[in-house]
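Q: Predicted model and sequence below, questions to follow.
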Amino acid sequence: MTDGTGCKPLEIIKGMRGVVNAFLLDRDILGRMREEEEKVKAMGNISVHNEGFGEALKRENVIAIIKDPRFRPPPEPTVVLVSDKGELMGLEVFPFTAKEYLEREDVVWLSDAFVLFPNVKGMGGEKFIMPPVSFPELNEGNGCRDVVSCSPAPTCDLMMRTYYELQDDPRLASVLVGYNNA
């Protein structure tokens with residue numbers, strides 16, 4: 001684990017509310033996590049494509065954030081369900097976006113945090129996609145470009161915590177932020 005002394009992006013992240021720990025990931029653990037991400041399946045054997053993770057790995061630097069519930073919500077959905085034709089079948093909903101769907105008759109609430117669009121039909125090739133998510137705290141003004149964030153699969157989160165000898169606390173979650181130097 002690199003302590004990141006003098007790394008401005010890391011210092012910005014460490015100063016955010018809800019951040020319990022933040023550190024630069026080395027390429028060894030990122031390679032192991034990539035292999036694990038490729039094995040992930042959802043319930044019903046639906047495939048999961050963590051595009052955000054793949055994009056983060058293309059960046060020069062990847063910071064791991066261990067966060068508690070006080071950390072801000074993501075600025076856009078971190079999970080979407082698409083049909084075999086690429087049509088949007090469902091998406092993650094947040095308290096600040098729920099009002100867009102509450103009165104709609106063309107959605108089904110799968111949970112408090114996910115809606116389905118039943119008018120969009122799949123033919124068996126459906127997949128969950130975890131897209132790259134913006135991370136506005138890092139930008140060109142503080143030395144970062146091409147910034148993306150993502151959530152690793154739970155098995156990758158555990159793998160990362162084990163590698164760095166961190167406690168596996170179910171009250172905490174992780175986010176990865178990839179960026180290139182400006």
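A: Yes, it's here.

Q: what's the next secondary structure element after the lowest-mean-pLDDT helix or strand in the chain?
A: In the chain, no helix or strand scores lower on mean pLDDT, DSSP states H and E than strand 47-49, which sits at a mean of 87. Next along the chain after strand 47-49, taking DSSP states H and E as the criterion, comes helix 51-57.

Q: Flag every buried residue along that following helix.
A: When burial is assessed from 16 or more other CB atoms under 10 Å, helix 51-57 yields the following buried residues: 52-57. Quick note: C-beta positions are derived from backbone N, CA and C, even for glycine.

Q: I'd like those laid out as a markdown table, including distance to Val133 and pLDDT.
A: Conversion of those to a markdown table gives the following (distance: CB to CB, whole Å; pLDDT from 0 to 100):
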| residue | distance to Val133 | pLDDT |
| --- | --- | --- |
| Gly52 | 6 | 96 |
| Phe53 | 11 | 96 |
| Gly54 | 13 | 95 |
| Glu55 | 10 | 97 |
| Ala56 | 10 | 96 |
| Leu57 | 15 | 95 |
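
Q: List just the nearest of the residues you listed to Pro152.
A: Each of those was checked against Pro152 using CB to CB; the closest is Phe53, at 6.2 Å.

Q: Pull the residues that contact stretch 33-45.
A: For stretch 33-45, the surrounding residues in contact (CB atoms under 8 Å, 6 or more residues apart in numbering) are 47-48, 50, 53-54, 57, 128, 152-153, 155-156, 159-160.

Q: if we go to 10 Å?
A: Identification of contacts with stretch 33-45 by CB atoms under 10 Å, 6 or more residues apart in numbering yields 25, 47-50, 53-54, 56-57, 62, 64, 79, 81, 126-128, 130, 150, 152-160, 163, 176.

Q: So which elements touch the least confident helix or strand of the chain?
A: Applying 3 or more CB pairs under 10 Å, 6 or more residues apart in numbering; DSSP states H and E, we find strand 47-49 packed against strand 127-129.

Q: Report the mean confidence score over the strand it packs on.
A: Per-residue pLDDT values over strand 127-129 give a mean of 92.

Q: ok, now stretch 29-42?
A: 87.

Q: just checking, what packs against the lengthiest strand in the chain?
A: For the chain, the longest strand by residue count, based on DSSP state E, is strand 173-181. For strand 173-181, the packing partners by 3+ CB pairs under 10 Å, 6+ apart come out as helix 8-14, strand 19-24, helix 27-37, helix 51-57, strand 61-67, strand 144-150, helix 154-163.
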